[in-house]
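Enquirer: Have a look at this fold, sequence not included:
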(Lines give C-alpha, C1' and ligand atoms only; values in the text may rest on other atoms or scores of the structure.)
Protein backbone atom coordinates (compact mmCIF):
# COMPACT_ATOMS: atom_id res chain seq x y z
CA UNK A 1 0.00 0.00 0.00
CA UNK A 2 1.27 3.40 -0.97
CA UNK A 3 2.09 5.70 1.93
CA UNK A 4 2.03 9.30 0.74
CA UNK A 5 1.89 10.32 4.42
CA UNK A 6 5.37 9.05 5.34
CA UNK A 7 7.06 12.42 4.87
CA UNK A 8 5.89 16.00 5.31
CA UNK A 9 4.86 18.12 2.33
CA UNK A 10 3.98 21.78 1.92
CA UNK A 11 0.36 20.80 2.62
CA UNK A 12 0.83 18.83 5.86
CA UNK A 13 0.50 20.56 9.21
CA UNK A 14 0.09 17.83 11.82
CA UNK A 15 1.53 14.38 12.48
CA UNK A 16 -0.71 11.52 13.53
CA UNK A 17 0.99 8.73 15.46
CA UNK A 18 -0.59 5.31 14.94
CA UNK A 19 1.07 2.27 16.52
CA UNK A 20 4.32 4.28 16.72
CA UNK A 21 4.23 5.26 13.02
CA UNK A 22 4.15 8.89 11.93
CA UNK A 23 1.61 10.02 9.34
CA UNK A 24 1.97 13.57 8.00
CA UNK A 25 -1.49 14.91 7.20
CA UNK A 26 -3.46 18.09 6.67
CA UNK A 27 -5.81 18.71 9.58
CA UNK A 28 -8.15 20.96 7.59
CA UNK A 29 -8.66 18.30 4.92
CA UNK A 30 -9.34 15.62 7.52
CA UNK A 31 -11.67 17.98 9.36
CA UNK A 32 -13.73 18.57 6.21
CA UNK A 33 -14.31 14.82 6.00
CA UNK A 34 -14.77 14.05 9.69
CA UNK A 35 -16.44 15.85 12.57
CA UNK A 36 -14.28 13.71 14.87
CA UNK A 37 -11.11 15.17 13.36
CA UNK A 38 -12.66 18.63 13.31
CA UNK A 39 -13.35 18.44 17.04
CA UNK A 40 -9.89 16.97 17.65
CA UNK A 41 -8.04 19.70 15.78
CA UNK A 42 -10.29 22.73 16.19
CA UNK A 43 -12.54 21.95 19.16
CA UNK A 44 -11.90 22.14 22.87
CA UNK A 45 -9.55 19.15 22.91
CA UNK A 46 -5.92 19.55 23.96
CA UNK A 47 -4.83 18.02 20.64
CA UNK A 48 -5.59 21.21 18.74
CA UNK A 49 -2.34 22.82 19.88
CA UNK A 50 -0.14 19.76 19.40
CA UNK A 51 2.09 19.14 16.39
CA UNK A 52 1.79 15.37 16.94
CA UNK A 53 -1.41 13.58 17.92
CA UNK A 54 -1.61 9.92 18.87
CA UNK A 55 -4.55 7.97 17.45
CA UNK A 56 -5.19 5.03 19.76
CA UNK A 57 -7.07 1.77 19.35
CA UNK A 58 -6.67 1.56 15.56
CA UNK A 59 -4.47 -0.64 13.40
CA UNK A 60 -1.81 1.32 11.50
CA UNK A 61 -2.31 -0.41 8.11
CA UNK A 62 -6.09 -0.05 8.35
CA UNK A 63 -5.88 3.62 9.32
CA UNK A 64 -3.43 4.22 6.45
CA UNK A 65 -5.96 2.67 4.07
CA UNK A 66 -8.67 4.98 5.48
CA UNK A 67 -6.45 8.01 4.80
CA UNK A 68 -5.83 6.76 1.27
CA UNK A 69 -9.59 6.48 0.66
CA UNK A 70 -10.26 9.95 2.12
CA UNK A 71 -7.70 11.55 -0.18
CA UNK A 72 -9.04 11.67 -3.75
CA UNK A 73 -7.08 9.64 -6.24
CA UNK A 74 -5.00 7.73 -3.69
CA UNK A 75 -6.72 4.36 -3.22
CA UNK A 76 -10.22 2.98 -3.74
CA UNK A 77 -12.21 0.76 -1.41
CA UNK A 78 -11.51 -2.91 -2.25
CA UNK A 79 -12.79 -6.37 -1.32
CA UNK A 80 -9.89 -6.73 1.08
CA UNK A 81 -10.38 -3.35 2.79
CA UNK A 82 -14.13 -2.64 2.77
CA UNK A 83 -14.94 -4.21 6.16
CA UNK A 84 -12.34 -2.34 8.20
CA UNK A 85 -12.74 0.82 6.12
CA UNK A 86 -16.42 0.77 7.10
CA UNK A 87 -15.52 0.29 10.76
CA UNK A 88 -13.05 3.21 10.73
CA UNK A 89 -15.32 5.41 8.60
CA UNK A 90 -18.06 4.86 11.14
CA UNK A 91 -15.67 5.50 14.06
CA UNK A 92 -14.37 8.77 12.57
CA UNK A 93 -17.77 9.70 11.03
CA UNK A 94 -16.37 10.14 7.52
CA UNK A 95 -19.64 10.26 5.57
CA UNK A 96 -17.90 10.43 2.20
CA UNK A 97 -15.99 7.22 2.91
CA UNK A 98 -19.17 5.53 4.12
CA UNK A 99 -20.84 6.52 0.84
CA UNK A 100 -17.85 5.27 -1.19
CA UNK A 101 -18.00 1.98 0.71
CA UNK A 102 -21.75 1.60 0.20
CA UNK A 103 -21.37 2.30 -3.52
CA UNK A 104 -18.56 -0.24 -3.70
CA UNK A 105 -20.73 -2.87 -2.03
CA UNK A 106 -23.56 -2.13 -4.46
CA UNK A 107 -21.24 -2.67 -7.42
CA UNK A 108 -19.24 -5.68 -6.27
CA UNK A 109 -20.26 -9.29 -6.71
CA UNK A 110 -17.58 -10.50 -4.31
CA UNK A 111 -19.95 -10.41 -1.33
CA UNK A 112 -22.99 -12.63 -1.12
CA UNK A 113 -26.48 -11.36 -0.35
CA UNK A 114 -26.29 -12.25 3.36
CA UNK A 115 -22.93 -10.50 3.85
CA UNK A 116 -24.28 -7.38 2.15
CA UNK A 117 -27.46 -7.56 4.23
CA UNK A 118 -25.45 -7.76 7.46
CA UNK A 119 -23.24 -4.82 6.46
CA UNK A 120 -26.28 -2.83 5.31
CA UNK A 121 -27.94 -3.39 8.68
CA UNK A 122 -24.77 -2.63 10.63
CA UNK A 123 -24.12 0.69 8.83
CA UNK A 124 -27.73 1.63 8.00
CA UNK A 125 -27.30 1.37 4.23
CA UNK A 126 -30.96 1.44 3.22
CA UNK A 127 -30.19 1.67 -0.50
CA UNK A 128 -27.84 -1.31 -0.39
CA UNK A 129 -30.50 -3.59 1.09
CA UNK A 130 -33.15 -2.25 -1.23
CA UNK A 131 -31.02 -2.87 -4.32
CA UNK A 132 -30.10 -6.37 -3.19
CA UNK A 133 -33.62 -7.26 -2.09
CA UNK A 134 -34.91 -6.28 -5.53
CA UNK A 135 -32.21 -8.40 -7.19
CA UNK A 136 -32.95 -11.35 -4.96
CA UNK A 137 -36.69 -11.10 -5.61
CA UNK A 138 -36.11 -10.89 -9.36
CA UNK A 139 -34.25 -14.21 -9.34
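Expert: Nice, thanks for sending it over. Being a predicted model, the structure only gives us computed values, none of them experimental.

Enquirer: Where do the strands of this protein begin and end?
Expert: With DSSP state E as the criterion, the chain has strands at 14-18, 21-25, 52-54.

Enquirer: any idea how far residue 96 is from the residue nearest to residue 70 when sequence neighbours are not counted?
Expert: Nearest non-adjacent residue to residue 70, counting by C-beta to C-beta, 6 or more residues apart in numbering: residue 33, 5.2 Å away. Every residue, glycine included, has its C-beta placed from N, CA and C. Separation of residue 33 from residue 96 (C-beta to C-beta, to the nearest Å) stands at 6 Å.

Enquirer: quick one, which of the strands of the chain is nearest to residue 6?
Expert: strand 21-25 (7.3 Å; C-beta to C-beta).

Enquirer: where does this protein dip in pLDDT?
Expert: For the chain, applying pLDDT under 70 flags the ranges 1-2, 45-48, 129-139.
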